[in-house]
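1. Only the shape, not the letters, is given here:
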């Protein structure tokens with residue numbers, strides 16, 4: 001099997017030190033069109049085009065006005081070691097610590113009592129403290145409640161100065177499903193750009209769907225494979241991590257997570273639906289942690305050598321290993337009839353190839369979801385369609 005070319009993506013955690021200053025250049029962009037030789041046709045275009053653009057502008061303004069109060073900036077602070085020295089630099093020794101802002105990100109309210117959804121990589125430092133700042137400038141304390149074990153998501157509870165949960169926040173609305181998204185759909189991104197410019201609104205389109213990237217965090221040098229992402233050209237900058245990606249119906253359809261480090265206009269968001277977010281919140285309230293769906297199998301990625309030894313033409317997929325415990329008894333896989341030696345070629349319409357595994361595909365699913373698998377069955381030596389109902393681990 002050839003080694004896949006994996007785009008290395010810079011996650012937008014944003015450890016922006018306050019000593020760093022950003023200079024922004026604003027450049028006007030002119031537009032000129034070709035003249036239409038048919039005068040009547042030109043008038044019709046002007047007639048029908050102008051109201052359309054006006055409606056679009058009104059929609060963007062309306063969405064931004066509705067969503068912005070629910071979007072928060074997350075300020076990351078830590079104790080920083082200070083040092084003292086003499087005027088001549090002969091000695092240099094620690095003198096204490098001082099708490100300073102070391103970075104920032106974005107989040108948004110998902111419940112009235114101030115529960116905030118953000119990216120896991122924004123609030124992953126156990127030694128940091130987190131301040132939640134609303135669009136109106138109110139400041140609250142943020143406490144991390146739970147990390148999603150299978151995706152770059154986290155839930156943070158907001159508390160007032162008396163240590164009480166908030167009561168009057170306006171949560172965002174989520175799309176019922178993201179399956180209806182199409183390339184070219186208009187989108188709005190809102191976030192704490194550069195960890196300095198809170199509630200920055202940008203506009204763009206869905207550039208592509210179901211993208212797979214390898215996201216790397218420069219702060220920790222850790223990488224994570226993210227699948228099923230929405231690609232957008234809406235401007236996303238460091239500090240936007242955890243901010244909402246919103247359609248023109250003012251429904252959140254994703255959470256901004258990563259940008260390409262060597263390009264512009266290449267942003268990526270994890271898709272979100274009302275059902276998934278509701279499950280995350282309910283899981284934390286019920287279990288204190290986020291529990292995800294599972295299949296109940298042990299697999300290895302199919303290689304050309306394994307395929308040759310099995311004398312099959314299939315070149316990619318997840319092979320269920322030949323072991324007595326390869327399929328857990330009474331698991332979703334067992335109930336669906338999966339067995340050792342079967343090869344899962346595709347799941348939920350996504351091919352299992354180029355380092356994408358079945359676990360990557362189901363990690364954003366919730367218990368109760370049904371997924372359709374395309375499986376090469378060892379017994380029949382044929383490709384079959386298998387329906388599998390996910391359960392909670």
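-> Great, that's in hand. Everything numeric in this text was worked out from a predicted model, so none of it was measured. Numbers count the residues shown, from 1 in each chain.
2. what residue ranges in the stretch 151-300 of the chain score low on pLDDT?
-> The model of the stretch 151-300 of the chain has pLDDT under 70 over residues 216-222.
3. how about the strands in it?
-> 154-159, 186-193, 197-216, 223-232, 244-246, 252-260, 267-271, 293-294, 299-301 (DSSP state E, counting those that start in this stretch).
4. Looking at these, which one is packed in the most?
-> strand 244-246 (a mean of 28; mean count of other C-beta atoms under 10 Å). The C-beta positions use only the backbone N, C-alpha and C, and glycine is treated the same way.
5. Could you list every helix and strand that that strand packs against?
-> The contact analysis (3 or more C-beta pairs under 8 Å, 6 or more residues apart in numbering; DSSP states H and E) places strand 244-246 against helix 39-67, strand 186-193, strand 252-260.
6. Would you mind splitting this structure into its domains for me?
-> Per the record, the chain has its domains at 1-18+52-83+95-288, 293-392, by automatic domain parsing.
7. end-to-end on the shortest one?
-> End-to-end distance of domain 293-392 (C-alpha to C-alpha, to the nearest Å): 5 Å.
8. deepest of the domains of the chain, which one?
-> Among the domains of the chain, domain 1-18+52-83+95-288 has the highest mean neighbour count (mean count of other C-beta under 10 Å), at a mean of 19.
9. from the chain's centre, how far out does that one sit?
-> 7 Å (C-alpha atoms, centre = their mean, to the nearest Å).
10. Report the central residue of this protein.
-> When the chain is reduced to its mean C-alpha position, the closest residue under C-alpha atoms, centre = their mean turns out to be residue 270, at 3.0 Å.
11. list the contacts for that one?
-> Residues near residue 270 by C-beta atoms under 8 Å, 6 or more residues apart in numbering: 151-153, 226, 228-230, 254-255, 257, 364.
12. which two in the residues you listed are spaced the farthest apart?
-> Farthest-apart pair in the contacts of residue 270 is 153 and 230; separation 14.6 Å (C-beta to C-beta).
13. Hmm, residue 320 and residue 344 touching each other?
-> Yes: between residue 344 and residue 320 a contact is recorded at 7.5 Å, counting by C-beta atoms under 8 Å.
14. Now list whatever residues contact both of the two.
-> 299, 338.
15. if we can go back for a sec, which of the domains of the chain sits closest to residue 89?
-> Comparing the domains of the chain by C-beta to C-beta, domain 1-18+52-83+95-288 comes nearest, at 11.3 Å.
16. What segments of the chain are helices?
-> With DSSP state H as the definition, the chain shows helices at residue ranges 39-67, 274-287, 304-310, 332-335, 358-362.
17. Residue 210: what's it in contact with?
-> So residue 210 contacts 227-229, 350 (C-beta under 8 Å, 6+ apart).
18. Identify, from those, the entry nearest to residue 109.
-> Once C-beta to C-beta is applied, the member of these that ends up nearest residue 109 is residue 229, at 23.3 Å.
19. do you know how far the closest one is from residue 295?
-> 21 Å (C-beta to C-beta, to the nearest Å).
20. same deal with residue 223?
-> Residue 223 is 24 Å from residue 295, by C-beta to C-beta.
21. related to what we said a few turns ago, I'd like the helices of the chain as TSV, with distance to residue 190 appended.
-> Output for the helices of the chain, formatted as TSV (distance: least, C-beta to C-beta, whole Å):
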stretch	distance to residue 190
helix 39-67	6
helix 274-287	17
helix 304-310	46
helix 332-335	37
helix 358-362	28
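22. To residue 372, which of those lies closest?
-> So among the helices of the chain, helix 358-362 is nearest, using C-beta to C-beta, at 11.2 Å.
23. Report all helices and strands that that closest one contacts.
-> By 3+ C-beta pairs under 8 Å, 6+ apart, helix 358-362 packs against strand 223-232, strand 343-347.
24. Please compute how far it lies from its chain's middle.
-> 15 Å.
25. Show me what that helix is in contact with.
-> Against helix 358-362 from outside (C-beta under 8 Å, 6+ apart): 150, 212, 225, 227-228, 293-295, 297, 299, 318, 344, 347-348, 350, 352, 371, 390.
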